[in-house]
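Chemist: have a look at this prediction, sequence included:
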Amino acid sequence: MTATTSTSESKSSEPKSKVIAVVNQKGGVGKTTTAINLAAALALDGIPTLLIDCDPQANTTGGLGLPRDEGRLSVYDVLVGQNPAKDVILPTEIENLSLLPGSKNMIGANLELVTAERREYRLREALEPVREKYPFILLDCPPALDLLTLNALVAADGLLVPMQAEYFALEGISELISTLDRVAAAFNPGLALEGVVLTMFDDRTILSQQVRTNLQEFFTDKLFKTTIPRNIRLAEAPSHGKPAVVYDPRSRGAEAYFDLATELLERNGRKSSSQRQKKRLILDPIPAPREIVPVAEEPKKKSRIWPFSR
């Protein structure tokens, strides 16, 4: 009797499925890179994860090695009600990672849904039958506040905001928070800020440090401790159709996304099952400056101004 009770209590205490929209109204901040690698890192940790490509550019789909096929079922077919999500979800080469692919057809959804009933709730309602299968569902949103993004925000429980360490990013903070408040008030009262993660971060610059300090003061504990550095492997991986955490798991970029996944799990009351050891950087001692040997100056050439004089 005691064992049965404890078992039932442990099951009821387990966190439910969580839908996280990776969103920023500014483009080029690493939304797709973050969505792909964070989802892959969660899946590699043994957690069934669903990644949804809500962007008509379908970069998330291509980044996982799937061709951008307009004839294939996609998020468009789910939004317009032609097919249920379970028939559109595809497996990937990564165990525990599934994909709801995007396509260029999704551009038409912005027009077709204008007069549709409950147009803002299409994605939310479509995900209800499959939510219990995935502890985490990540939505890669386009860099625009259109019906596709609105559907993602209404379907989400939390927002994950990738942001570059620059002052233009700080200027967009108020607009982003205003958007969150409006959507929460009108369509999704449970919508909250999951967190802000700094991407393309260079801790050697004073600017990056200043922006991080400002964000820390503004967001407090909502700013992730993990930062994503500038890393060539993160840029190379999509051309190979793989997340960086698979393409080069020992790269600085991949290590950062593994750390981000671990931090996300901790924030949601879950423990990481990964035994991955953090890579420690060993810095070589700075060599002593060499003796400067003076170099004889070459004779300067006379400047020639048009018209050339002989």
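Modeler: Structure received. Numbering: from 1, shown residues only.

Chemist: quick one: the helices in this protein?
Modeler: Under the criterion DSSP state H, the chain contains helices at 2-13, 31-44, 59-63, 75-79, 85-88, 106-112, 122-127, 147-155, 167-171, 173-186, 206-219, 232-236, 244-247, 252-267.

Chemist: in the fifth one, which residues are buried?
Modeler: Just to be clear, that refers to helix 85-88. 85, 88 (16 or more other Cβ atoms under 10 Å). (C-beta placed from N, C-alpha, C; glycine too.)

Chemist: who are the packing partners of that helix?
Modeler: For helix 85-88, the helices and strands in contact under the criterion 3 or more Cβ pairs under 8 Å, 6 or more residues apart in numbering; DSSP states H and E are helix 75-79.

Chemist: now with 6 Å?
Modeler: Applying 3 or more Cβ pairs under 6 Å, 6 or more residues apart in numbering; DSSP states H and E, one finds that helix 85-88 contacts no other helix or strand.

Chemist: do the longest one as well
Modeler: If contacts are counted by 3+ Cβ pairs under 6 Å, 6+ apart, helix 252-267 sits against helix 31-44, helix 244-247.

Chemist: quick one: buried residues of it?
Modeler: For helix 252-267, burial by neighbour count (16+ other Cβ under 10 Å) applies to 252-265.

Chemist: same thing with the fourth one?
Modeler: Of the residues in helix 75-79, 75-79 count as buried by neighbour count, 16+ other Cβ under 10 Å.

Chemist: out of the helices and strands packed on helix 252-267, which one sits most buried?
Modeler: Comparing these by mean neighbour count (mean count of other Cβ atoms under 10 Å), helix 31-44 comes out on top with a mean of 28.

Chemist: shaky segments in the stretch 151-300 of the chain?
Modeler: For the stretch 151-300 of the chain, residues meeting the criterion pLDDT under 70 lie at 274-300.

Chemist: export the buried residues of helix 75-79 to a markdown table and tack on pLDDT?
Modeler: What follows is the buried residues of helix 75-79, written out as a markdown table (pLDDT from 0 to 100):
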| residue | pLDDT |
| --- | --- |
| 75 | 96 |
| 76 | 95 |
| 77 | 95 |
| 78 | 96 |
| 79 | 95 |
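
Chemist: in TSV, list those along with distance to residue 132.
Modeler: As requested, the buried residues of helix 75-79 are exported to TSV (distance: Cβ to Cβ, whole Å):
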residue	distance to residue 132
75	20
76	24
77	22
78	17
79	21
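
Chemist: nearest to residue 57 among these?
Modeler: Nearest to residue 57 among those, counting by Cβ to Cβ, is residue 75 at 12.3 Å.
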